[in-house]
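Asker: what's the 3D shape of this:
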Amino acid sequence: MIEESKTIEEKFGVLDSVPVGACLLRDDFVVLFWNACLEDWTKIGREQMLGTKITTHFPHLSQLKYANRFQQIFAGGPPTIFSSQIHKHLIPATWQEGQQRIQQTTVTAVPALSPGVAELNIPNLIRSTVELEPDSMVRQGDSVGVALPSNFRDSISPYGFIPPNCQSFYALLVIQDVTDLTHRIQAYRTMRDQALEEVEVRQRVEAELRESQHFIQQIADAAPYLLYIYDLTEQRNVYVNGQASKLLGYTPQEILQMQTALYSSLVYPEDLPRLSAHLQKFPSVADGHILELDYRLQHRSGEWRHFRCRDQVFARTAEGKPKQIFGTAQDITEYKQAEEALRQQNERELLMATITQHIRQSLDLGEVLSTTVTEVRQFLQADRVMIVRFNPCTGSHCATPATGAVTVESVALNCRPMLGETLENFCFDEFYLEAYQHRAIRPIADVSTADLPHDQIDLLAQFEVRAYLVVPLVQGEELWGLLMAHQCSPRQWMQLEVELLSSLAAQLAIAIKQAELYQQLQAANLKLERLATLDELTQLANRRRFDQYLDREWHRQAREQTPLSLILCDIDSFKTYNDTYGHPKGDECLRQVAQAIGKAINRPADLVARYGGEEFAVILPNTASEGAELVAEHIQIKIAALQIPHAGSQVSNYVTVSLGIATMVPISESEASMVIDAADAAASTVPASKSPASILIDAADAALYQAKDLGRDRIQVYQPDPPTAKTNGTAPPVRPVDFSRPNTNFPSPTSA
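Answerer: Down below sits the predicted model:
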């Protein structure tokens, strides 16, 4: 075992210098090698790992899906790949801010120690095999892991030979940290078509990994970046991977042949000082420490491409001075372009958000349009910005030519206004209308040089327009109108301005639609509110409105401790009236009585409602009993003046009403509940849920029934029975009232 460990350390110790994790497992899952990179990632020292089963530290590897695949490797099976998209953390290790590293892991069968293996020169083997270029990259699979073809080992052995009579194999785990790459991909995934490109890159990487010959070559040529070794003393590259051809257009051999002229030949001149300063840092850099730098390299085609390098010391001299650095350089050209595009987009969005915010501060259509033209003219510094609203029936289905009117405009003081102008055949022909419906934008830099119809040129000349920009306002498939900007001198419209107005037009179309819907909603709400609160026959407040208003006034008067009066009116012998004259005449009678009661009420706070079939109610806030009696008398006078014949009445030849009045200073809800419960108990009824204001309704109703019992056609004021009357605020002191007081303010029924 000791000899085995020593030999393994000698042969695989070179893997301590590579920026990837490397672990060697025996077929009983005992760890035989644990490189420095894994020590740094997992914070588990080599002395803790060697000689112990890896499942002791990472129990999840004993799961069936892992154990089966490892057993295939221990049996000498083909290499297998644990994709970072499926197995994110095969050997869990922390990254920045407590995150887990995302890993791409390749497991390869290595012949167990034998004389043939012991004689292998691992450093020379690495140097010779990393220059191999596989035909393709490993593609991402949908399965748990990806196994290479069964004839892989027969075609080309990663060790250059097949050990004779070898029955036992180790499992070599090569773990690439793709956390940073994954995060970069995710950061730009939403930029244009980057997501698709990153998926394709990942598929190429995994395809190359499946077909690669050696784990170092897998890392070197499968990663979508340059992999190189630079000699600090010789000032030249001694190794470059095959990605050089794809990223720079040069073969690795051509790169190496450039010798010391590499940087002066390929690096952007302005980046050379920074690159020189970067290389001068390495004499003081500790092993394992990574330095980053962004710079530009020239492609064979002459194009300048951006790269981000990550370098660390790879080898030192006998004196301990850094001799070689191992690094990666990732092509971030598209990222840089995406960042620039994003910056410009952010600027546009900031401008548009400011304008849109001002537009959407109101749901009033006129204000929305006025704000739009004002804000757009200020942004464009144009002489005029206006909105042309198409008249109804615009397009090919109309018999008349298309027309539009200038609905709103913002215009400079030195320009002639166009507000209210009707434009006929101005950009409204069939060709332009169809283009506008597809949101085509029309910028004209100079009217005099543009191919425009004469009638358009003449119209523009009247208003001294030399350049204009037309943006359609489209709602769904409907062309609502045009947003137009005018300049009284030639002007080359910038792409930023065109794109901004295009985006703004989409937002404005939404704002216009919202404003129109809001107007429709307001109208519908008013109609619904009217329907919900008005009695259809009499056009007075209905019972629902009565209940709401009485409850609100009860609570308000309770807070203010002021009296609240209620009058209940009932048409005398109305059933007989319907039987005599018919229901249509009865409905007409109700309408006339309702109008008469409404005319008897003068204050805005008073409410007249239809309480029942032929019953009406009048709510009089802040009104004492005396005031309520005066209102009741006015109601009787107004109804008597109608002189509506009523042959079936028992008290008059004309329609009359009986009125019950109740006045109270409202009490609190708890006190009202006690009164209601006491009344229900006295009446031996089951308590029901009642509002506090029901006390006032019951009192007015009692007065109304007393008026009917005393002969109808009279006013009756509610008074509590003297023995039970209380001065606890349920009712104000009421002066003695004649409970049988007939109406004497108009001719008697028999005198007419």
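Asker: Helix, strand or coil: sort out the residue nearest to residue 251 when sequence neighbours are not counted for me.
Answerer: Once flanking residues are discounted, residue 251 sits nearest to residue 245: 5.5 Å by C-beta to C-beta, 6 or more residues apart in numbering. From N, CA and C alone the C-beta is placed, and that goes for glycine too. Secondary structure, DSSP: H, G, I helix; E, B strand; the rest coil: residue 245 is helix.
Asker: How are the helices of the stretch 151-300 of the chain distributed by residue range?
Answerer: Per DSSP state H, counting those that start in this stretch, the stretch 151-300 of the chain carries helices over the ranges 152-155, 179-187, 194-211, 215-222, 243-248, 252-257, 262-266, 272-279.
Asker: where among the ones you listed is the average confidence lowest?
Answerer: Of all those, helix 152-155 carries the lowest average pLDDT, namely a mean of 40.
Asker: Which other helices and strands does the lengthiest strand in the chain contact?
Answerer: Across the chain, the strand with the greatest residue count (assigned by DSSP state E) is strand 304-316. On a contact count with 3 or more C-beta pairs under 8 Å, 6 or more residues apart in numbering; DSSP states H and E, strand 304-316 meets strand 225-231, helix 243-248, strand 291-298, strand 322-331, helix 333-359.
Asker: now with 7 Å?
Answerer: For strand 304-316, the helices and strands in contact under the criterion 3 or more C-beta pairs under 7 Å, 6 or more residues apart in numbering; DSSP states H and E are strand 291-298, strand 322-331, helix 333-359.
Asker: of these, which approaches residue 230 most closely?
Answerer: Taking C-beta to C-beta, strand 322-331 is the member of the helices and strands packed on strand 304-316 nearest to residue 230, at 5.1 Å.
Asker: to the chain's geometric centre, what's the distance from the closest one?
Answerer: 43 Å (C-alpha atoms, centre = their mean, to the nearest Å).
Asker: what angle sits between that strand and strand 304-316?
Answerer: Orientation of strand 322-331 against strand 304-316 (axes from the mean of the first three to the mean of the last three C-alpha atoms, to 10 degrees) gives an angle of 150 degrees.
Asker: Using CSV, write out every CA atom in strand 322-331.
Answerer: Taking C-alpha atoms only, strand 322-331 is exported to CSV below (Å, rounded to 0.1, in the frame of the first residue of the first chain):
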residue,chain,number,x,y,z
PRO,A,322,7.8,31.6,-11.5
LYS,A,323,8.9,30.1,-14.9
GLN,A,324,5.6,29.3,-16.6
ILE,A,325,2.1,30.4,-16.2
PHE,A,326,-1.0,28.4,-17.1
GLY,A,327,-4.0,30.4,-18.3
THR,A,328,-7.3,30.4,-20.1
ALA,A,329,-8.6,33.2,-22.3
GLN,A,330,-12.3,33.3,-23.0
ASP,A,331,-13.7,35.2,-26.0
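Asker: Could you identify which of the helices and strands packed on strand 304-316 is most buried?
Answerer: Counting by mean count of other C-beta atoms under 10 Å, strand 322-331 has the highest mean neighbour count of these, with a mean of 20.
Asker: on that earlier part again, partner strands of the longest strand of the chain, parallel or antiparallel?
Answerer: Here strand 304-316 is paired, per DSSP bridges, with strand 291-298 (antiparallel), strand 322-331 (antiparallel).
Asker: contact partners of the longest one?
Answerer: Residues outside strand 322-331 that contact it (C-beta atoms under 7 Å, 6 or more residues apart in numbering) are 19, 223, 225-233, 247, 282-283, 285, 305, 307-317.
Asker: same check, this time on the shortest one
Answerer: Residues from elsewhere that reach strand 291-298, judged by C-beta under 7 Å, 6+ apart: 248, 266-268, 271, 274-275, 278, 281, 285, 304-311.
Asker: next one: it to chain centre, how far?
Answerer: Relative to its chain's centre, strand 291-298 lies at 37 Å (C-alpha atoms, centre = their mean).
Asker: With respect to residue 364, which of the strands paired with strand 304-316 lies nearest?
Answerer: strand 291-298 (51.5 Å).
Asker: helices and strands around the longest helix seen in the chain, which ones?
Answerer: The longest helix of the chain (DSSP state H) is helix 495-533. Using 3+ C-beta pairs under 7 Å, 6+ apart as the contact test, the elements touching helix 495-533 are helix 333-359, helix 365-380, strand 467-475, strand 478-487, helix 543-560.
Asker: Now the helix or strand harbouring residue 81: average pLDDT?
Answerer: Secondary structure from DSSP states H and E places residue 81 in strand 80-82. Strand 80-82 shows a mean pLDDT of 90 in the predicted model.
Asker: so for the helix or strand just after that strand, what's the average pLDDT?
Answerer: Of the helices and strands lying after strand 80-82 in sequence (DSSP H and E), the nearest is strand 103-111. Per-residue pLDDT values across strand 103-111 average out to 89.
Asker: Given strand 103-111, what are its sheet partners and their directions?
Answerer: Partners of strand 103-111 in the sheet, by DSSP bridges, are strand 80-82 (antiparallel), strand 169-177 (antiparallel).
Asker: Quick one: these as CSV, columns for mean neighbour count and distance to residue 72 too.
Answerer: Putting these into CSV (neighbours: other C-beta atoms under 10 Å; distance: least, C-beta to C-beta, whole Å) gives the following:
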stretch, mean neighbour count, distance to residue 72
strand 80-82, 23, 7
strand 169-177, 23, 9
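Asker: now those strands in a markdown table, with distance to residue 331?
Answerer: Formatted as a markdown table, the strands paired with strand 103-111 follow (distance: least, C-beta to C-beta, whole Å):
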| stretch | distance to residue 331 |
| --- | --- |
| strand 80-82 | 23 |
| strand 169-177 | 18 |
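Asker: For residue 5, which of these is the nearest?
Answerer: strand 169-177 (12.4 Å).
Asker: Who are the contact partners of the residue lying closest to residue 617 once chain neighbours are set aside?
Answerer: Of all residues not flanking residue 617 in the chain, residue 611 sits nearest, at 4.0 Å (C-beta to C-beta, 6+ apart). Going by C-beta under 7 Å, 6+ apart, residue 611 touches 543, 546, 568, 617.
Asker: What's the ChimeraX syntax to select whichever of those residues are buried?
Answerer: The buried residues among the contacts of residue 611 can be selected in ChimeraX (16 or more other C-beta atoms under 10 Å) with this line:
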select :546,568,617
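Asker: of all the contacts of residue 611, which two lie farthest apart?
Answerer: Taking C-beta to C-beta, the two most distant members of these are 543 and 568; they sit 12.4 Å apart.
Asker: re earlier: mind listing what's buried along the longest helix of the chain?
Answerer: 497, 500-509, 511-512, 515, 533.
Asker: same question, stretch 550-566
Answerer: 550, 553-555, 557-558, 562-566.
Asker: Give the partner strands of the helix or strand hosting residue 663 in its sheet and their orientations.
Answerer: Following DSSP H and E, one finds residue 663 within strand 657-664. Applying DSSP bridges, strand 657-664 is found paired with strand 564-571 (antiparallel), strand 714-717 (parallel).
Asker: pLDDT (mean, whole number) over that strand?
Answerer: The model assigns strand 657-664 a mean pLDDT of 96.
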